[in-house]
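Enquirer: Here is my input, please return the structure:
(chains A and B)
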There are 2 protein chains.
Amino acid sequence: MMEKNLIGWQKQPNKLNIQGEIERAIFDITGEEVDLIASGRTDAGVHALNQVANFKLESEKLPIEKVAIALNSKLKNSIRIKSAEEVDEKFHSRYSVHSKTYRYIINNSKCGSAIYRELEYNFPMKLNVEKMQEAIKFFIGEHDFKAFKASGTSSKSSVRTIYDAKVIYEEPRIIIELTGNGFLYNMVRIIAGTLVDVGLEKIKVEDISNIINDGDRKKAGKTLPPHGLYLVNVDY
Amino acid sequence: MMEKNLIGWQKQPNKLNIQGEIERAIFDITGEEVDLIASGRTDAGVHALNQVANFKLESEKLPIEKVAIALNSKLKNSIRIKSAEEVDEKFHSRYSVHSKTYRYIINNSKCGSAIYRELEYNFPMKLNVEKMQEAIKFFIGEHDFKAFKASGTSSKSSVRTIYDAKVIYEEPRIIIELTGNGFLYNMVRIIAGTLVDVGLEKIKVEDISNIINDGDRKKAGKTLPPHGLYLVNVDY
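Expert: Predicted coordinates:
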C-alpha cells in the first residue's frame, strides 16, 4: 500500500514514473527484476493515498516485515510504501479488485489556495452544491458509462457499478467521492466536470439519467484536470 | 491578505521572493515602484495562510476592489492575494501588529505522507502527545525567550508574550499552535523542536520553566525544518 503524487504510474522510457522507481528500488535491494502490478495506473498529477501493487520474488532475500522500510530508504519521498504483506499466488492487484474509491477535490473560491494549488482544482465561479448533491445520486447503480470515458479509449465493456457516490461540502471545498467496482479512463474526472455543470445550472439534475442513457460523451461535462483527483482506497 | 509558500518573503538579488514578485505585479499594473511591507518576513519553505502587507500608491490607478483580482492575474499561483482594503496612513503591517498565530505540523508516522511532504514535518519516532500538551502551557505568559531564538540573531529585546499555546492531536498529526504579541527568529521552530524532545521524554515537562529561565539556547531543542511551519493569522 503506497502513497504518491506528481508523476504517473506507468513505465515510460526516460520518464520518471512510479512503477519504474519502485521496481528499481526492489532491484537495488534484492537483485531481482520484478514486474510490479498496480490496481490500475494513475496519470501524472493524480494523487494516490492507498495504491496497491503486487510483485513476486524468486529468492527470499527480503523478509516481509522489512519491505516497507527497505524500499522507502531507496525511494524519493514523493513515493512512500505504507505497508506490505504476503499474499496468495492467485492474488492480482488489478483482477482481484472488489471496489475502488476515488475523490475529487474542488476549491470553490475566487482565488484558490497557493499552498494546496497542486492538491485541488480551483474553480472560481460559485457552484450550487445542493444540486450537485442531488445529481450525484443518479450515478449509483449499474450503468453503461460510455458518456463518461475519454473518447478514443477502448475497453471491452463500459458497464460499471457505482456502489456509493456523494458530494461533501467543507467550505470552500466541494469533495466528490465515488466507490465502484471499476472506473473507465477519466471517468471520475468527467463525472466531476459534469457535476460542475450541474453546480453552474448549465445541466439540470433531472438530465443526468438521460446523459448516462444516451451514452454521448459530448453531452457530459469537461474532463477536470488530474491534480484534483485522489485514488483513496482499493478493496479486495 | 495573502497566501504563499515555497519561496521566502524578503527581496534578494536574482532570487525568487514574495516581496519582489508582488512589487513587480503592482508595478505592472500601476507603473509605480512601491515598498511592500509585510507583518514579518517568512523563510523559504514556510507557509503563510494569511500574511498581511501594506503599500502606498501616489496615483489612484487601482481601485481597492480590483486590487486582488488585478494582482492575482499577474502573479504565479504560488502567491495569492486573498483580499485588499484601504487603511489609515498610520497603519504599518509590522509595527501595528497586535498578535500573530503560528502553527507547526508534525506528521508522527513511520513513513510520512508522500502527498503532504512539503506541507508537514515527518517525525517517525513515537511521541508522547500528552506530555507535549502539558509542556506547552509553560510557554504562556510574558517571558524572556532568549533560549528560543536562532543564535547569532540580534533584536533589542527577547521578551515576548504568548497569549495562547496548545498541542492538538489529529492522528497521525501533532499540531502545535502559538499566539503571541511577537516571535523571535526561529522561535516557533525551536519551541516545536523542544516539544519533540518532551514527546521523546528526553526533556521533562517540569524542566521547561528552567530552560526558559536559564536562557541558554543549547538547553532547548533543535530548530525544526521550515516546511512544517505556517503563519496562520496576523491580528491588528
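
Enquirer: Helix or strand for A:Leu71, just tell me which one.
Expert: For A:Leu71, the element it lies in under DSSP states H and E is helix A:67-74.

Enquirer: moving C-terminal of that helix, what's the next helix or strand?
Expert: Next in sequence after helix A:67-74, counting helices and strands by DSSP H and E, comes strand A:79-81.

Enquirer: for the record, mean pLDDT for that next one?
Expert: Average pLDDT, strand A:79-81: 95.

Enquirer: Contacts (any at all) between chain B and it?
Expert: Yes: between strand A:79-81 and chain B, judged by C-beta under 8 Å from any C-beta of the partner chain, the touching residues are A:Ile79, A:Arg80, A:Ile81. For the C-beta atoms, the positions are set from N, CA and C on the backbone; glycine is no exception.

Enquirer: what's the closest of the residues you listed to chain B?
Expert: Comparing those against chain B with C-beta to the nearest C-beta places A:Arg80 closest, at 4.4 Å.

Enquirer: buried residues in the helix holding A:Leu71?
Expert: For helix A:67-74, a neighbour-count test (16 or more other C-beta atoms under 10 Å in any protein chain shown) marks A:Val67, A:Ala68, A:Ala70, A:Leu71, A:Asn72, A:Lys74 as buried.

Enquirer: Can you tell me the closest non-neighbouring residue to the third one?
Expert: Spelled out, that is A:Ala70. A:Ile29 (5.1 Å; C-beta to C-beta, 6 or more residues apart in numbering or on different chains).

Enquirer: What pLDDT is listed against A:Gly215?
Expert: For A:Gly215, the predicted pLDDT is 95.

Enquirer: contacting residues for it?
Expert: A:Asp144, A:Lys146, A:Ala147, A:Ser158 (C-beta atoms under 8 Å, 6 or more residues apart in numbering or on different chains).

Enquirer: now do 6 Å
Expert: Contacts for A:Gly215 were tallied using C-beta atoms under 6 Å, 6 or more residues apart in numbering or on different chains; they are A:Lys146, A:Ala147.

Enquirer: One more: A:Met187?
Expert: With contact set as C-beta under 6 Å, 6+ apart, A:Met187 has these partners: A:Phe145, A:Phe148, A:Lys149.

Enquirer: hang on, the earlier thing: need the contact partners of the helix holding A:Leu71.
Expert: Contacts for helix A:67-74 (C-beta under 6 Å, 6+ apart): A:Ala25, A:Asp28, A:Ile29, A:Ile81, A:Ser83, A:Ala84, B:Cys111.

Enquirer: try 7 Å
Expert: A:Ile22, A:Ala25, A:Ile26, A:Asp28, A:Ile29, A:Leu62, A:Arg80, A:Ile81, A:Lys82, A:Ser83, A:Ala84, B:Cys111 (C-beta atoms under 7 Å, 6 or more residues apart in numbering or on different chains).

Enquirer: Can you tell me which of these are buried?
Expert: Buried among the contacts of helix A:67-74 (16+ other C-beta under 10 Å): A:Ile22, A:Ala25, A:Ile26, A:Ile29, A:Leu62, A:Arg80, A:Ile81, A:Lys82, A:Ala84, B:Cys111.

Enquirer: Restricted to strands, list these.
Expert: Counting by DSSP state E, the part of the buried ones among the contacts of helix A:67-74 found in strands is A:Arg80, A:Ile81.

Enquirer: Make JSON lines out of the buried ones among the contacts of helix A:67-74 and add distance to A:His47.
Expert: Converted to JSON lines, the buried ones among the contacts of helix A:67-74 look like this (distance: C-beta to C-beta, whole Å):
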{"residue": "A:Ile22", "distance to A:His47": "16"}
{"residue": "A:Ala25", "distance to A:His47": "20"}
{"residue": "A:Ile26", "distance to A:His47": "23"}
{"residue": "A:Ile29", "distance to A:His47": "26"}
{"residue": "A:Leu62", "distance to A:His47": "27"}
{"residue": "A:Arg80", "distance to A:His47": "12"}
{"residue": "A:Ile81", "distance to A:His47": "16"}
{"residue": "A:Lys82", "distance to A:His47": "14"}
{"residue": "A:Ala84", "distance to A:His47": "21"}
{"residue": "B:Cys111", "distance to A:His47": "16"}
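
Enquirer: Spell out which parts of chain A neighbour chain B.
Expert: Chain A comes close to chain B at residues A:3-5, A:47, A:68, A:72, A:77-82, A:111-115, A:117, A:119, as judged by C-beta under 7 Å from any C-beta of the partner chain.

Enquirer: one more time with 10 Å
Expert: A:2-6, A:18, A:47-49, A:68-69, A:71-72, A:75-83, A:109-119, A:122, A:124, A:230 (C-beta under 10 Å from any C-beta of the partner chain).

Enquirer: The residue nearest to A:Ala70: what's it in contact with?
Expert: A:Leu57, A:Lys61, A:Leu62, A:Lys66, A:Val67, A:Ala70, A:Leu71, A:Ser73, A:Lys74 (C-beta atoms under 10 Å, 6 or more residues apart in numbering or on different chains).

Enquirer: repeat that for 7 Å
Expert: A:Ile29 neighbours (C-beta under 7 Å, 6+ apart): A:Leu62, A:Ala70, A:Lys74.

Enquirer: repeat for A:Asn181
Expert: Contact analysis of A:Asn181 by C-beta under 7 Å, 6+ apart lists A:Ser99, A:Arg160, A:Thr161.

Enquirer: what's the spacing between it and A:Lys166?
Expert: Between A:Asn181 and A:Lys166 the computed distance is 17 Å (C-beta to C-beta, to the nearest Å).

Enquirer: what does A:Ser109 give?
Expert: Distance from A:Ser109 to A:Lys166, by C-beta to C-beta: 21 Å.

Enquirer: residue ranges with poor pLDDT in chain A?
Expert: Applying pLDDT under 70 to chain A flags the ranges A:1-6, A:13-14.

Enquirer: Where does the record place the domain boundaries for it?
Expert: Per automatic domain parsing, the structural domains of chain A span A:1-94, A:99-235.

Enquirer: Now do the longest strand belonging to chain A: which elements does it pack against?
Expert: In chain A, assigned by DSSP E, the strand with the most residues is strand A:159-170. If contacts are counted by 3 or more C-beta pairs under 7 Å, 6 or more residues apart in numbering or on different chains; DSSP states H and E, strand A:159-170 sits against helix A:129-136, strand A:141-144, strand A:173-180.

Enquirer: Which neighbours in the sheet does that strand have, and how are they oriented?
Expert: strand A:141-144 (antiparallel), strand A:173-180 (antiparallel) (DSSP bridges).

Enquirer: Just give me how far it sits from the chain centre.
Expert: How far strand A:159-170 lies from its chain's middle: 13 Å, per C-alpha atoms, centre = their mean, to the nearest Å.

Enquirer: do stretch A:89-102 as well
Expert: The answer for stretch A:89-102 is 14 Å, by C-alpha atoms, centre = their mean.

Enquirer: For it, measure first residue to last.
Expert: Taking C-alpha to C-alpha, to the nearest Å as the measure, stretch A:89-102 stretches 27 Å from start to finish.
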